[in-house]
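1. Quick one, structure for this:
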Amino acid sequence: MTAELITRTCKILQLLLLLRLLLLLLLLLLQKLLRLLLLLLLLQLLLQKLLRLLLLLLKLLLLLPLLLLLLLLLLLLLLLLLLLLLLLLLLLLLLLLLLLLLLLLLLLLLLLLLLLLLLLLLLLLLLLLLLLLLLLLLLLLLLLLLLLLLLLLILLLLQLILLLLLLLLLLLLLQLLFLLLLQLL
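-> Residues are numbered from 1 along each chain as shown. Presented below is the predicted three-dimensional model:
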């Protein structure tokens, strides 16, 4: 009877040691999973801040084309005014054919106005190119925002999977404790 009690006590001690080792392994695994979950949360916060910065930059870039369009309209008005001035100067030239000095001055004014027109046309072309570049930049920013949103979704899925793993480990731990209680009883 004493030998049977000793063997039973040895078995119970072995079971307790095995359960202790299993509990230590489960605690280590829970610690690793919690660290990974914290890292994922930090990465999610960083991505959210980057997304806010990109949204702010997108708003600024949406305001900039409006200003460029206003500048284009002003340049078009200046062009119309210069064209009107040219027409008036041509009429004056037709009326003042007899006066050579005035004719020369008007020709010089015409040349200056033509140069101004050329400069304004070049400015218009440059502004159109800037608008095209801004549109391309907006498209790139939109693509980057979509990629960031996909990354955030993937991070959320990983967090859900980690939470499910934590729940499964807790259930396993409860089951092991329940088995230990059954063995002791």
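2. Pull the number of nearby residues for the residue nearest to residue 36 when sequence neighbours are not counted.
-> Excluding its sequence neighbours, the residue lying closest to residue 36 (Cβ to Cβ, 6 or more residues apart in numbering) is residue 162, at 6.4 Å. Where you see a C-beta, it was placed from the backbone N, CA and C, and this is true even at glycine. When neighbours are defined as other Cβ atoms under 10 Å, residue 162 has 15 of them.
3. quick one, what contacts residue 162?
-> Residues in contact with residue 162 (Cβ atoms under 8 Å, 6 or more residues apart in numbering) are 33, 36, 37, 40.
4. which of those residues are buried?
-> 37, 40 (16 or more other Cβ atoms under 10 Å).
5. what would the contacts of residue 162 look like in JSON lines with pLDDT and secondary structure?
-> Listed next are the contacts of residue 162 as JSON lines, based on pLDDT from 0 to 100; DSSP: H, G, I helix; E, B strand; the rest coil:
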{"residue": "33", "pLDDT": "90", "secondary structure": "helix"}
{"residue": "36", "pLDDT": "92", "secondary structure": "helix"}
{"residue": "37", "pLDDT": "92", "secondary structure": "helix"}
{"residue": "40", "pLDDT": "93", "secondary structure": "helix"}
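6. Please convert the contacts of residue 162 to a markdown table, extending it with distance to residue 25.
-> Below are the contacts of residue 162 laid out as a markdown table (distance: Cβ to Cβ, whole Å):
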| residue | distance to residue 25 |
| --- | --- |
| 33 | 13 |
| 36 | 17 |
| 37 | 19 |
| 40 | 23 |
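7. which one of the contacts of residue 162 is nearest residue 175?
-> Proximity of the contacts of residue 162 to residue 175 (Cβ to Cβ) peaks at residue 33, which lies at 18.2 Å.
8. The closest one and residue 166 touch, don't they?
-> Yes. Residue 33 is within contact range of residue 166, at 5.8 Å (criterion: Cβ atoms under 8 Å).
9. Any idea how many residues pack against residue 127?
-> With neighbours defined by other Cβ under 10 Å, the count for residue 127 comes to 15.
10. With residue 165 instead?
-> 15.
11. Tell me both backbone torsions, phi and psi, for residue 97.
-> Backbone geometry at residue 97, expressed as degrees, to the nearest 10, gives phi -70, psi -30.
12. If I look at the nearest residue to it once chain neighbours are set aside, what pLDDT would I see?
-> Spatial nearest neighbour of residue 97, excluding adjacent residues (Cβ to Cβ, 6+ apart): residue 103 at 6.9 Å. With respect to pLDDT, residue 103 scores 81.
13. again with the one 10 residues further on
-> Among the per-residue scores, residue 113 shows a pLDDT of 94.
14. quick one: which helix or strand includes it?
-> Taking DSSP states H and E as the criterion, residue 113 maps to helix 100-184.
15. Show me what the helix or strand harbouring residue 73 is packed against.
-> Using DSSP H and E, residue 73 sits in helix 2-95. If contacts are counted by 3 or more Cβ pairs under 8 Å, 6 or more residues apart in numbering; DSSP states H and E, helix 2-95 sits against helix 100-184.
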